[in-house]
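Peer 1: output the structure for:
(one chain, ligands or ions: 1)
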Amino acid sequence: MERIQKIISETYDKKSCKLIKRTVIKERTIIDPKKIDDIGYTQKEQVELLQNVQDEYLEEMVHVMTENKDCPKCGNKTYRCGSLESEFNSIYTDHKIKMSGLKCSNKECDWEYRKTIYGEYGSKMHPDLVKIQVEKASIKSYSASQAELDRECGKVRRVNSNLSIKNTVDKVGQILNKLHTNYSSVKVREEAEELVIQVDGGYIKDKNPKINSFETLLVQVYNPKNHNHGYKKPNGTRVSGEIINKTCVASSLKDRGQTIKKMVLFAAKKQGITAKTKVTALCDGAENCWNAAKTISVLCNNQVTYVLDWYHIKQKFESLANKVEDPYLSKLESIKWKIWHGESEEAITRLLSVYEVTSKYDYTDKIHELYKYLANNKEYLVNYVERKEQQLPYSSSIIESAIESIINERHKKKQKAQWSREGAHNVLQIRTSRVSNDWDNEWNTVKDKFYVSRYNKELKNAA
Ligand SMILES: [Zn+2]
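Peer 2: Prediction:
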């Protein structure tokens with residue numbers, strides 16, 4: 001006995017249960033599988049089912065959409081007139097929808113409307129598709145995102161081309177940029193006694209060959225009570241530290257720091273800053289980083305301790321260690337420990353004398369660079385060992401890994417990935433939103449701004 005599975009779509013009147021339309025979506029003979037591929041439906045067949053079921057639904061939906069709408073201008077009845085074809089992109093499938101136009105029955109009133117999905121909502125993409133596109137593109141290149149989406153849908157779709165994904169990312173990134181700079185709208189939820197702000201810079205390769213690369217500033221604000229420090233297990237394996245709640249913001253715009261400064265205030269308020277909060281600012285020593293960090297002082301009554309990040313100091317000494325030989329190597333080592341113990345004045349003087357006697361070596365410029373770095377940041381050198389003993393923040397190895405994942409992973413490592421400042425800035429808004437664990441929440445705001453209903457606008461204007 002042979003059996004057949006038949007999948008049917010039925011439209012019927014809710015009240016009378018009278019059948020209005022009946023369409024066979026699929027008929028399929030039930031077979032004895034010869035191999036595992038024959039069991040159930042293939043990906044292609046599954047997507048086809050979704051396609052056909054939704055096509056049926058959408059055809060009915062457009063009837064409802066253009067039915068019984070009163071004129072938004074004068075309130076008279078409207079009637080259907082003409083039709084336009086719209087495209088609609090669902091998460092896995094694409095659809096064409098024919099929609100009737102509407103016209104006001106009042107002869108005096110000239111209201112007339114031709115509807116398309118785009119015209120109604122400002123986009124032909126379902127929010128599920130927008131969300132998945134930007135989520136993928138925030139961690140992968142556009143072409144890798146395209147390939148992955150094509151794979152998931154089982155077919156190549158124009159809406160998932162890398163150019164289309166880029167447009168979606170730019171639109172969402174611009175909305176998020178507004179959100180991340182609008183610090184006055186942030187309500188402080190849980191007041192923080194203490195906060196740490198870390199500012200660091202990174203470089204992204206520019207797509208313009210005349211400009212080699214441009215700087216991006218990345219800021220992280222967190223409450224030190226949410227910082228779980230790394231430690232060594234008895235068996236010797238290292239458990240790395242982690243910050244369980246933080247707000248990250250980033251800007252690669254060239255605007256003399258205006259954007260990043262607003263974002264600093266946004267992040268500080270998100271993390272609960274008040275006039276009583278005590279803040280530690282950790283920076284890598286560049287002037288624009290300090291300037292960004294200093295913005296925070298207006299929110300906490302100037303209670304900020306500025307600390308030149310020990311991580312960067314240590315790194316600079318380490319990179320010299322490979323080039324310099326004794327007796328200067330051990331001199332450098334002792335200078336480093338002088339800084340660690342807060343004897344920065346003495347350390348800088350000694351470093352200058354090492355520079356003066358090593359002028360014939362090829363690493364002399366590097367030593368001078370280090371000298372300048374420490375001398376320029378003298379006021380931010382602290383007693384590091386004391387801070388360590390008191391469990392106060394002094395080093396930012398953790399933001400390094402955040403930078404690594406935010407900038408380098410997405411922008412730097414791939415030789416081909418070259419960026420405009422604006423393009424990189426937009427991706428960074430999505431990436432930082434996700435790193436801050438705020439994306440699901442911010443997505444709701446994004447959605448409201450991403451879609452602009454023309455019909456609702458007209459209603460508002462008429463009112
Ligand atoms: Zn009218």
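
Peer 1: excluding sequence neighbours, find me the nearest residue to the closest residue to the ion within the stretch 151-300 of the chain.
Peer 2: Here the residue of the stretch 151-300 of the chain nearest the ion is K171; by Cβ to the ion that distance is 33.1 Å. C-beta coordinates here come from the backbone N, C-alpha and C atoms, glycine included. Among residues not flanking K171 along the chain, F450 sits closest, at 6.5 Å (Cβ to Cβ, 6 or more residues apart in numbering).

Peer 1: in a helix, the residue of the stretch 151-300 of the chain closest to the ion, correct?
Peer 2: Yes: looking at K171 with DSSP: H, G, I helix; E, B strand; the rest coil, it is inside a helix.

Peer 1: I figured it hits Y451, correct?
Peer 2: No: taking contacts as Cβ atoms under 8 Å, K171 lies outside contact range of Y451: 10.6 Å.

Peer 1: of the two, who's got more company?
Peer 2: K171 (18 against 15; other Cβ atoms under 10 Å).

Peer 1: what ranges of the stretch 351-463 of the chain fall below the confidence cut-off?
Peer 2: Within the stretch 351-463 of the chain, the segments meeting pLDDT under 70 span 397-418, 453-463.

Peer 1: could you chop the chain up by domain?
Peer 2: The record's domain parsing of the chain by automatic domain parsing lists 4-124, 310-395.

Peer 1: so for the ion, which of those sits nearest?
Peer 2: That would be domain 4-124 among the domains of the chain, by Cβ to the ion, at 3.0 Å.

Peer 1: quick check: S319 vs K378, distance?
Peer 2: In this view, S319 and K378 are 21 Å apart by Cβ to Cβ, to the nearest Å.

Peer 1: what segments of this structure are strands?
Peer 2: In the chain, the segments counted as strands under DSSP state E are 4-12, 19-29, 78-89, 94-104, 112-113, 194-205, 213-222, 227-228, 231-232, 238-239, 242-243, 246-251, 278-283, 304-308.

Peer 1: so which of these is nearest V134?
Peer 2: strand 78-89 (14.3 Å; Cβ to Cβ).

Peer 1: one step back: hmm, the residue nearest to K171 is touching L129, no?
Peer 2: No: applying Cβ under 8 Å as the test, F450 and L129 come out as separate, 11.5 Å apart.

Peer 1: which of the two has more neighbours?
Peer 2: Neighbour comparison, F450 and L129: the larger count goes to L129, with 23 against 19 (by other Cβ under 10 Å).

Peer 1: what is the neighbour count of the closest residue to the more buried one other than its chain neighbours?
Peer 2: Closest residue to L129 apart from its sequence neighbours, by Cβ to Cβ, 6+ apart: I91 at 4.9 Å. Counted with other Cβ under 10 Å, the neighbours of I91 add up to 17.

Peer 1: list the residues that contact I91.
Peer 2: Contact partners of I91, counting by Cβ atoms under 8 Å, 6 or more residues apart in numbering, are H126, D128, L129, I132.

Peer 1: again, but for V239
Peer 2: G230, Y231, K232, K233.

Peer 1: how many neighbours does N167 have?
Peer 2: 12.

Peer 1: then K449?
Peer 2: A count of neighbours around K449, defined by other Cβ under 10 Å, yields 15.

Peer 1: deepest of the domains of the chain, which one?
Peer 2: Neighbour counts (mean count of other Cβ atoms under 10 Å) averaged over each of the domains of the chain peak at domain 310-395, with a mean of 16.

Peer 1: in JSON lines: the strands of the chain, plus mean pLDDT and distance to the ion.
Peer 2: Formatted as JSON lines, these follow (pLDDT from 0 to 100; distance: least, Cβ to the ion, whole Å):
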{"stretch": "strand 4-12", "mean pLDDT": "96", "distance to the ion": "31"}
{"stretch": "strand 19-29", "mean pLDDT": "95", "distance to the ion": "30"}
{"stretch": "strand 78-89", "mean pLDDT": "89", "distance to the ion": "7"}
{"stretch": "strand 94-104", "mean pLDDT": "90", "distance to the ion": "3"}
{"stretch": "strand 112-113", "mean pLDDT": "82", "distance to the ion": "9"}
{"stretch": "strand 194-205", "mean pLDDT": "87", "distance to the ion": "53"}
{"stretch": "strand 213-222", "mean pLDDT": "89", "distance to the ion": "52"}
{"stretch": "strand 227-228", "mean pLDDT": "85", "distance to the ion": "62"}
{"stretch": "strand 231-232", "mean pLDDT": "84", "distance to the ion": "72"}
{"stretch": "strand 238-239", "mean pLDDT": "81", "distance to the ion": "69"}
{"stretch": "strand 242-243", "mean pLDDT": "85", "distance to the ion": "58"}
{"stretch": "strand 246-251", "mean pLDDT": "94", "distance to the ion": "48"}
{"stretch": "strand 278-283", "mean pLDDT": "95", "distance to the ion": "59"}
{"stretch": "strand 304-308", "mean pLDDT": "95", "distance to the ion": "61"}
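
Peer 1: I appreciate the help and will end here.
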